[in-house]
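Engineer: could you work out the structure for the sequence below:
(chains A and B)
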Number of protein chains: 2
Amino acid sequence: MKEYNSFLQLFLKHLDNYKAGISHKKPNELYQPCNYMLSLGGKRIRPLLALVACDLFDKKPEQALNSALAVELFHNFSLIHDDILDNAPLRRNKPTVHIKWNHNIAILSGDALLVESSKVLNNYAPSAFKKLSELFHATATEVCEGQQQDMNFETAKKVTTEQYIHMIELKTAVLLGCSLKMGAICAGTGKRNQDLLYDFGKNLGIAFQLLDDYLDAFAASDSNFGKQVGGDIIANKKTYLLLKSIELANAKQKREIEQLLLLKGKNASKKVNAFLNLYKQLSTDRLCYEAAGLYTNAAIASLQKVKASAEKKKVLMAFALELINRQA
Amino acid sequence: MKEYNSFLQLFLKHLDNYKAGISHKKPNELYQPCNYMLSLGGKRIRPLLALVACDLFDKKPEQALNSALAVELFHNFSLIHDDILDNAPLRRNKPTVHIKWNHNIAILSGDALLVESSKVLNNYAPSAFKKLSELFHATATEVCEGQQQDMNFETAKKVTTEQYIHMIELKTAVLLGCSLKMGAICAGTGKRNQDLLYDFGKNLGIAFQLLDDYLDAFAASDSNFGKQVGGDIIANKKTYLLLKSIELANAKQKREIEQLLLLKGKNASKKVNAFLNLYKQLSTDRLCYEAAGLYTNAAIASLQKVKASAEKKKVLMAFALELINRQA
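Structural biologist: Numbering: from 1, shown residues only, chains lettered A, B, ... in the order given. You can find the predicted model right below:
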């Protein structure tokens, strides 16, 4: 999104300064993994949202730079620890921290990064500092809760789509809402605008994840979607598509699902195709897409109510829609 | 220490309320391990120091309760993660969190407890909140750094006693200083009193750890010392005694130390006795005890300069000396 390129450059410079600062800190074994993780790249959506939200009220985005840094550091802490939990060897085609170093270093450098994420808010004056810290830590708790729920779902016998949506709200969506609201707090706008932007971000996050589930199964092979199509199906991941299909399946279809979940290894493409057929039979492909649409609409409705420049809101809306419609 | 019993009871009631509050929170898998760890007991030295410091300036210790809770939650977070790093099966004769549940739950519930430790400061007004948070997070970073240094020492070829003392300062001592200073901030006393109490706690913490090293080797078997005498020697732990002995040993003694470090299993008592003889030959037993004395004196000197009730300072001094002289 070219309109936001200046914000992105502003943030990346701030991040580089921060990384340069910790690169000298000892012990190396604690700070190098943090620096490594922060250097793996990414779209920097969360910090971008913080800067954009601040700018929305015609305040200098620089005011939100440390909030933007806090959410990005927190996000990277969660990636370091999640990669341990998921036993993931790679992130962005590079070895994860616990592989490149070891488990202990990954645990401890993640802890250090979590503490750092609180500390970069120190630059704010006491009143803003307190508001930002309270929101930030409340959100951090929710992300931990969402991550634990996600782990619980792996072995749970029955997970409803409501439970699933609540999990993705906590694990993914609230941090987007938090990023926007922190930017709004930095701009000094009122509580109503802050909360509307939070809801915008949260609903957008849920829509994003639902569409991610959809695209993992149905993205065209020539799309911008950055992952292997069918990966969730192969891994038996309890996505909205699978959970909704289980809810709607008749006895015969339920048995088919149970059989398909047992398929492994070289039967992968057979498994993917069978699930795709089932999703279409049960219309869960459409239901998933529609659910994402409902949350997108809720996000749009919240943003419309925000009292800010109509022009800037339009750009933010376009950015949000581009973000969730990655198959376009 | 009977003078502090009312403070301890006050804190334990506050901790019980906190535990009751999180016992209902979902998911259980995140909060039950936190509650379990917080229920394993302990002397609650850190929270006690926060309350005592606040009372020292004739302010209600209740004002420091949430600071006391923050340091205790942080301490328990560090225990959960340290037990993973150390692969420890037991703490206070109970299974550690990663054994009772699993590694992933221990990582994530530790993370949640770390976030919680920041959140319990929310009750303070913005100005105090900011001062407390800044100190608390700066200390949290140091504890992580100390823990990483300690891990580095396990495989390091050469560790000096200066490096060792710096490590225990970070890993153990600064949190005692932080606890006292947070109590002083809650009391609203000036910066000089805050910093003197911080130095008191920090030096006390270093003295405590040095005496712990000494007692691990030389405590009388009928003493109050709660651990197996010689445990550090058997585990080849790089204590002040071992590091100072390596520094002072001649070539022959160095070779003896290298040989002894290779002894394992059923040679434990031979190994312990040989090291004890060596420590006496090299006078490192006396040097360790004297070093502890120097830090104790520095602690006393700082406390003496604090502008507060002489009577209350005397009680705090007695408590501090009782704490470090556990073999008495």
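Engineer: for the residue lying closest to A:Leu56 once chain neighbours are set aside, grab phi and psi.
Structural biologist: Closest residue to A:Leu56 apart from its sequence neighbours, by Cβ to Cβ, 6 or more residues apart in numbering or on different chains: A:Ala308 at 4.6 Å. (Each C-beta comes from the backbone N, C-alpha and C, glycine too.) When read as degrees, to the nearest 10, the backbone of A:Ala308 gives phi -160, psi 170.
Engineer: again with A:Lys60
Structural biologist: Main-chain torsions, A:Lys60, degrees, to the nearest 10: phi -60, psi 130.
Engineer: secondary structure class of the nearest residue to A:Lys94 once chain neighbours are set aside, three-state.
Structural biologist: Excluding its sequence neighbours, the residue lying closest to A:Lys94 (Cβ to Cβ, 6+ apart) is A:Leu40, at 5.9 Å. Under DSSP: H, G, I helix; E, B strand; the rest coil, A:Leu40 falls in the coil class.
Engineer: so what's A:Leu40 up against?
Structural biologist: Listed by Cβ atoms under 8 Å, 6 or more residues apart in numbering or on different chains, the contact set of A:Leu40 reads A:91-92, A:94.
Engineer: ok, the residues you listed vs A:Lys252, which is closest?
Structural biologist: Closest approach to A:Lys252 among these (Cβ to Cβ): A:Arg91, at 40.3 Å.
Engineer: ok, now which ones touch the closest one?
Structural biologist: Applying Cβ under 8 Å, 6+ apart, the residues near A:Arg91 are A:40, A:79, A:83.
Engineer: which parts of the helix or strand hosting A:Ile300 are buried?
Structural biologist: Secondary-structure assignment from DSSP states H and E places A:Ile300 in helix A:284-305. The neighbour-count check on helix A:284-305 (16 or more other Cβ atoms under 10 Å in any protein chain shown) flags A:284-285, A:287-289, A:291-292, A:295-296, A:298-300, A:302-303 as buried.
Engineer: thinking again about what came up before, pLDDT value on the residue nearest to A:Leu56, please?
Structural biologist: Note for A:Ala308: predicted pLDDT of 98.
Engineer: from chain B, how far off is it?
Structural biologist: 26 Å (Cβ to the nearest Cβ, to the nearest Å).
Engineer: repeat for A:Val120
Structural biologist: Taken as Cβ to the nearest Cβ, the span from A:Val120 to chain B is 10 Å.
Engineer: repeat for A:Asn5
Structural biologist: 33 Å.
Engineer: cool, A:Gly188 as well?
Structural biologist: 15 Å.
Engineer: neighbours of that residue, how many?
Structural biologist: 12 (other Cβ atoms under 10 Å in any protein chain shown).
Engineer: please point out which parts of the helix or strand encompassing A:Lys254 sit buried.
Structural biologist: Element membership for A:Lys254 (DSSP H and E) is helix A:251-262. By 16+ other Cβ under 10 Å, the buried positions in helix A:251-262 come out as A:256-257, A:260.
Engineer: of the residues you listed, closest to chain B?
Structural biologist: A:Ile257 (25.4 Å; Cβ to the nearest Cβ).
Engineer: A:Gly201 is in contact with A:Thr172, isn't it?
Structural biologist: No. At 10.6 Å, A:Gly201 does not count as touching A:Thr172 under the criterion of Cβ atoms under 8 Å.
Engineer: okay, these two: which has more neighbours?
Structural biologist: Set A:Gly201 next to A:Thr172 and count neighbours by other Cβ under 10 Å: A:Gly201 wins out with 28 against 19.
Engineer: just give the closest residue to A:Glu256, not the sequence neighbours.
Structural biologist: Closest to A:Glu256 by Cβ to Cβ, 6+ apart is A:Leu278, at 6.8 Å.
Engineer: can you confirm that neighbour is in a helix?
Structural biologist: Yes. Secondary structure of A:Leu278 (three-state DSSP): part of a helix.
Engineer: look at it and report its pLDDT.
Structural biologist: Reported pLDDT for A:Leu278: 97.
Engineer: quick one: it from B:Glu145, how far?
Structural biologist: Look at A:Leu278 and B:Glu145: by Cβ to Cβ, to the nearest Å, they are 53 Å apart.
Engineer: please identify which of the two sits among more neighbours.
Structural biologist: Neighbour tally, A:Leu278 and B:Glu145, criterion other Cβ under 10 Å: the higher count belongs to B:Glu145, 23 against 19.
Engineer: which among the contacts of A:Arg91 gets closest to chain B?
Structural biologist: Among the contacts of A:Arg91, and counting by Cβ to the nearest Cβ, the member closest to chain B is A:Asp83, at 11.0 Å.
Engineer: the helix or strand harbouring the closest one near chain B at all?
Structural biologist: Per DSSP H and E, A:Asp83 falls inside helix A:65-85. Yes. On the criterion Cβ under 8 Å from any Cβ of the partner chain, helix A:65-85 is in touch with chain B at A:81, A:84-85.
Engineer: once you drop chain neighbours, what's closest to A:Lys307?
Structural biologist: Nearest one to A:Lys307, counting by Cβ to Cβ, 6+ apart, is A:Asn193 at 5.9 Å.
Engineer: in this structure A:Ala68 contacts A:Cys178, no?
Structural biologist: No. A:Ala68 is beyond contact range of A:Cys178, at 11.4 Å (criterion: Cβ under 8 Å).
Engineer: need the residues of the stretch 51-200 of chain A near chain B, please.
Structural biologist: A:81, A:84-85, A:104-105, A:107-112, A:114-116, A:118-119, A:122, A:126-127, A:129-130, A:133-134, A:137-138, A:140-141, A:144-145, A:147-149, A:151-152.
Engineer: can you pull out the strands in chain A?
Structural biologist: With DSSP state E as the definition, chain A shows strands at residue ranges A:90-91, A:94-95.
Engineer: picking that back up, ok, residues contacting the helix holding A:Ile300?
Structural biologist: For helix A:284-305, the surrounding residues in contact (Cβ under 8 Å, 6+ apart) are A:165, A:196-197, A:199-204, A:206-207, A:210-211, A:213-214, A:217-218, A:240-241, A:244-245, A:248, A:279, A:313, A:316-317, A:320-321, A:324.
Engineer: out of the residues you listed, which are buried?
Structural biologist: Using 16+ other Cβ under 10 Å, the buried ones in the contacts of helix A:284-305 are A:165, A:196-197, A:199-204, A:206-207, A:210-211, A:213-214, A:217-218, A:240-241, A:244-245, A:279, A:313, A:316, A:320, A:324.
Engineer: in helices, which of those residues appear?
Structural biologist: The members of the buried ones among the contacts of helix A:284-305 that map onto helices under DSSP state H are A:165, A:196-197, A:199-204, A:206-207, A:210-211, A:213-214, A:217-218, A:240-241, A:244-245, A:279, A:313, A:316, A:320, A:324.
Engineer: can you give me the domain assignment for chain A?
Structural biologist: A:1-158, A:190-328 (automatic domain parsing).
Engineer: winner for burial among the ones you listed?
Structural biologist: Between the domains of chain A, domain A:1-158 has the highest mean count of neighbours, a mean of 19, where neighbours are mean count of other Cβ atoms under 10 Å in any protein chain shown.
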